[in-house]
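J.: I would like the atomic coordinates for the input below:
(chains A and B)
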Protein chains: 2
Amino acid sequence: MAGTGGWVLGVDSGGSGVRVSLARADGTARSAPVSSKRPAVVAERGIDADSLLDEVLPAARELMRAAGAEELAAAAVGAAGMATLGDDLRAVLPGALREAFGVRALALAADAVTAYAGALGMRPGVVVAAGTGMIALGTGLDDSGWRRADGWGHLLGDAGGGAWIGRAGLDSALRAHDGRPGGSAALLERAEALFGPVHELPGQLYPRPDRPAVLASFAPAVGRCAAADPVAADILRQAARHILETAAAVRPVTATANGSCRTALTGGLFKMGEPLLGPLRELAPEVFPEAEFVPADGDPLLGALRIAGALASGTLSLPEDPALLHVPMHVHPHSQM
Amino acid sequence: MAGTGGWVLGVDSGGSGVRVSLARADGTARSAPVSSKRPAVVAERGIDADSLLDEVLPAARELMRAAGAEELAAAAVGAAGMATLGDDLRAVLPGALREAFGVRALALAADAVTAYAGALGMRPGVVVAAGTGMIALGTGLDDSGWRRADGWGHLLGDAGGGAWIGRAGLDSALRAHDGRPGGSAALLERAEALFGPVHELPGQLYPRPDRPAVLASFAPAVGRCAAADPVAADILRQAARHILETAAAVRPVTATANGSCRTALTGGLFKMGEPLLGPLRELAPEVFPEAEFVPADGDPLLGALRIAGALASGTLSLPEDPALLHVPMHVHPHSQM
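T.: I've put the predicted structure just below:
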């Protein structure tokens, strides 16, 4: 079972659940993902490894049985918050996955890194991952490692992401309510349809633990208003500018041959479609002229499988990084030659 | 002890403690305030009345003993959050204060209303109250009641307040760190001096319950950078514009004789001085040309005493309002004539 023909495991752990998939290390076969709606618990030590394993181990066993796999050559786990909340995962997962499945190589990746690998694989470029939050990663696959911009969360940044757009929309709704400049009657109407009378909005929002998600839940309404409402259109134009600025900030110093930079926009935010994609196309030549936009190959779970496959075959060319892409168990390329 | 010569009680309940003072209803004498650093408890039912009374009753007894007062003609309690969190206060305080001190008239006011009364007394105009948050109240002392703008909290508004300025400053610090446009190296340096390496800032900020106060704690740094740093100066110029827009939105429809509108800027934010006051002076003729800026007579505790005094003498001319200025026990003006 050694070499490129072995099986590898990919895990994508996010705020709304855990997804697990199995593939041949050389990418020639891939299982349908198994999804759990139970996210890993975030406790005092950060993301709780046992709670993640409770989802991953049964799913992996089921997938291995269906595929006839007896052991796993490598695994990659991508998790939201890996950089800051991943201590328990880094301590527990290597031993647990080796013991359970004979895993010989393991990568623990920030979700932005699995998004990158899912979108561009082992190629240099820039990937934007935008949902409730917003982050961009870039790499030239050289000694300069990863470049990262934003991803600071809804109070410090995530400029142009879902919570940012929703918040700007609610701000304009309340400006209309107050009679301050910058208000939008259309957004006020949408806000009251979604949340009820706006004077009750603070009491609804502030006590909740998922405030960024509540803010982001208003972003689609801003998108729907943009065609007819200039305030909403301006919010999305600003968001597009922020997204392009953030992407441009991480473009690899070593540009590709023709001076252009492969760039993929990934994540649920772009499902908004034209109201956001229109301004992105329009502003790109000014803000990020080197961008050569390409569709993402796949999602972060594909990225985790690709990283695991590259680990198993000793071909991982994405930069290792203690916070972004940690490889505690390694099959070194030299040992394969 | 009846009539304008009686004694009245003023209470100012805020996030950092409770202040209590005693005055003659006609304003001819006023005690030094008694301060407690224990704020009233905010529990499930909102602001807990018993916890507030634990601070107020001993302080009031002490002040009454020193003044030789045997009973109180009226009392006014101003509290942060009165509008949304004041149910228990509205239920408990009338009976408790009548029983303890013979109080015959009582007003329960939002802190913005006591700020108004402290600044302008019973005169029409506009008062801005800005600290961590930002709100403006205006009234023409006519049937149109209070006009209120902003005060929506740090995620929905409070535009130009302390948390808003601090957040904008940290955003610019992180832009400089990322290499995005709009960054300020000076603000980055200040942020790292105050909070340590910025990549640890999200982990420091998001778990805290007092996030708005943490953001506002960076506002003075923005003020100190403004003389030499154009990004910081621009943040304060935007803040000044927001403050003036919010003030202008509540100017009473019935302007004063010469078309001007008496306007007072109150609250800790304005201690920042010239870095904020300069842009306010500069932009006022454009954004709020009717504003006639006047110094505030005094603070919210003076406002509470003034409201209580006006209640006792039947001369309260500020508009009653269930959320902003609730008067459950009234000495009606007609009964005084």
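J.: which element is the residue of the stretch 1-150 of chain A found nearest chain B on?
T.: Proximity of the stretch 1-150 of chain A to chain B (C-beta to the nearest C-beta) peaks at residue A:149, 4.0 Å away. For the C-beta atoms, the positions are set from N, CA and C on the backbone; glycine is no exception. Assigned by DSSP states H and E, residue A:149 belongs to strand A:146-150.
J.: may I have the strands that pair with that strand, each with its orientation?
T.: Paired neighbours of strand A:146-150 in the sheet (DSSP bridges): strand A:134-139 (antiparallel).
J.: dump the C-alpha coordinates for the strand it pairs with into CSV.
T.: Output in CSV follows, covering the C-alpha atoms of strand A:134-139 (Å, rounded to 0.1, in the frame of the first residue of the first chain):
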residue,chain,number,x,y,z
MET,A,134,-12.3,37.5,4.3
ILE,A,135,-8.7,36.4,3.9
ALA,A,136,-6.2,36.2,1.0
LEU,A,137,-3.2,33.9,0.8
GLY,A,138,-0.5,34.0,-1.9
THR,A,139,2.7,32.1,-2.5
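J.: would you mind pulling the contact partners of it?
T.: Contacts with strand A:134-139, where a contact means C-beta atoms under 8 Å, 6 or more residues apart in numbering or on different chains, come from A:112-113, A:115-116, A:124-129, A:145-151, A:157-162, A:164, A:242-243, A:246-247, A:249-252, A:261, A:269, A:318-319, A:324.
J.: buried only: go through those for me.
T.: Buried members of the contacts of strand A:134-139, scored by 16 or more other C-beta atoms under 10 Å in any protein chain shown, are A:112-113, A:115-116, A:124-129, A:146-151, A:157-162, A:164, A:242-243, A:246-247, A:249-252, A:261, A:269, A:318-319, A:324.
J.: which of those fall in strands?
T.: When DSSP state E defines the strands, the subset of the buried ones among the contacts of strand A:134-139 inside them is A:125, A:126, A:127, A:128, A:129, A:146, A:147, A:148, A:149, A:150, A:261.
J.: which of those lies closest to residue B:211?
T.: Each of these was checked against residue B:211 using C-beta to C-beta; the closest is residue A:150, at 18.7 Å.
J.: so that closest one makes contact with residue A:246?
T.: Yes. Between residue A:150 and residue A:246 there is a contact under C-beta atoms under 8 Å: 4.7 Å.
J.: run through the strands of chain A in chain order.
T.: A:7-14, A:17-24, A:34-36, A:42-43, A:46-47, A:74-79, A:105-110, A:125-130, A:134-139, A:146-150, A:261-266, A:291-293, A:325-329.
J.: closest to residue B:103 out of the ones you listed?
T.: That would be strand A:42-43 among those, by C-beta to C-beta, at 49.6 Å.
J.: and the residue of the stretch 1-150 of chain A closest to chain B, what does it touch?
T.: By C-beta under 8 Å, 6+ apart, the residues touching residue A:149 are A:135, A:136, A:246, A:247, A:249, A:250, B:178, B:179, B:180.
J.: and among the strands of chain A, the most buried is which?
T.: strand A:74-79 (a mean of 30; mean count of other C-beta atoms under 10 Å in any protein chain shown).
J.: now the angle between strand A:17-24 and it, please.
T.: 160 degrees (axes from the mean of the first three to the mean of the last three C-alpha atoms, to 10 degrees).
J.: sheet partners, orientation included, of strand A:74-79?
T.: Using DSSP bridges, the strands paired with strand A:74-79 in its sheet are strand A:7-14 (parallel), strand A:105-110 (parallel).
J.: pLDDT on that strand, on average?
T.: For strand A:74-79, mean pLDDT is 96.
J.: do you know the pLDDT at residue A:336?
T.: 42.
J.: want to throw the strands paired with strand A:74-79 into CSV with mean pLDDT?
T.: Below are these laid out as CSV (pLDDT from 0 to 100):
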stretch, mean pLDDT
strand A:7-14, 95
strand A:105-110, 96
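J.: need the ones you listed in JSON lines with distance to residue A:73, can you?
T.: Shown next, in JSON lines, are the strands paired with strand A:74-79 (distance: least, C-beta to C-beta, whole Å):
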{"stretch": "strand A:7-14", "distance to residue A:73": "6"}
{"stretch": "strand A:105-110", "distance to residue A:73": "7"}
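J.: would you mind naming what in the stretch 201-337 of chain A lies close to chain B?
T.: A:201, A:202, A:203, A:205, A:206, A:211, A:215, A:245, A:246, A:249 (C-beta under 8 Å from any C-beta of the partner chain).
J.: ok, residue A:72 - contacts?
T.: Residue A:72 neighbours (C-beta under 8 Å, 6+ apart): A:6, A:7, A:8, A:9, A:60, A:64, A:97, A:101, A:102, A:103.
J.: filter the residues you listed down to the buried ones and express that as a PyMOL selection.
T.: Only the buried entries of these go into this PyMOL selection, using 16+ other C-beta under 10 Å:
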select buried, chain A and resi 6+7+8+9+60+64+97+101+103
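J.: list just the nearest of the contacts of residue A:149 to residue A:302.
T.: Nearest to residue A:302 among the contacts of residue A:149, counting by C-beta to C-beta, is residue A:135 at 18.3 Å.
J.: who's in contact with the closest residue to the closest one other than its chain neighbours?
T.: Excluding the flanking residues, the one nearest residue A:135 by C-beta to C-beta, 6 or more residues apart in numbering or on different chains is residue A:151, at 3.1 Å. Contacts here follow C-beta under 8 Å, 6+ apart; on that basis residue A:151 touches A:112, A:133, A:134, A:135, A:136, A:157, A:158.
J.: report the two of the residues you listed separated the most.
T.: Using C-beta to C-beta, the contacts of residue A:151 span at most 13.6 Å, a distance reached by A:112 and A:157.
J.: point out where chain A drops to low pLDDT.
T.: A:1-5, A:255-257, A:331-337 (pLDDT under 70).
J.: show me where it has helices.
T.: For chain A, helices defined by DSSP state H occupy the ranges A:49-67, A:82-85, A:87-101, A:111-120, A:162-178, A:185-195, A:201-205, A:211-216, A:219-225, A:230-249, A:274-287, A:300-312, A:333-336.
J.: can I get the first one in PDB? Just the C-alpha atoms.
T.: Output in PDB follows, covering the C-alpha atoms of helix A:49-67 (Å, rounded to 0.1, in the frame of the first residue of the first chain):
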ATOM      1  CA  ALA A  49      -9.100  17.200  19.300                       C
ATOM      2  CA  ASP A  50     -11.300  14.500  20.900                       C
ATOM      3  CA  SER A  51     -14.500  16.200  19.600                       C
ATOM      4  CA  LEU A  52     -13.000  16.400  16.100                       C
ATOM      5  CA  LEU A  53     -11.900  12.700  16.300                       C
ATOM      6  CA  ASP A  54     -15.400  11.700  17.300                       C
ATOM      7  CA  GLU A  55     -16.600  12.900  13.900                       C
ATOM      8  CA  VAL A  56     -13.500  11.900  11.900                       C
ATOM      9  CA  LEU A  57     -12.800   8.300  13.000                       C
ATOM     10  CA  PRO A  58     -16.100   6.700  12.300                       C
ATOM     11  CA  ALA A  59     -16.400   8.500   9.000                       C
ATOM     12  CA  ALA A  60     -12.900   7.500   7.900                       C
ATOM     13  CA  ARG A  61     -13.600   3.800   8.900                       C
ATOM     14  CA  GLU A  62     -16.800   3.800   6.900                       C
ATOM     15  CA  LEU A  63     -15.000   5.300   3.800                       C
ATOM     16  CA  MET A  64     -12.000   2.900   4.200                       C
ATOM     17  CA  ARG A  65     -14.300  -0.200   4.400                       C
ATOM     18  CA  ALA A  66     -16.200   0.900   1.300                       C
ATOM     19  CA  ALA A  67     -12.900   1.500  -0.600                       C
END
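J.: what packs against that helix?
T.: strand A:7-14, strand A:17-24, strand A:34-36, strand A:74-79, helix A:87-101 (3 or more C-beta pairs under 8 Å, 6 or more residues apart in numbering or on different chains; DSSP states H and E).
J.: since that was my last question, I'll sign off now.
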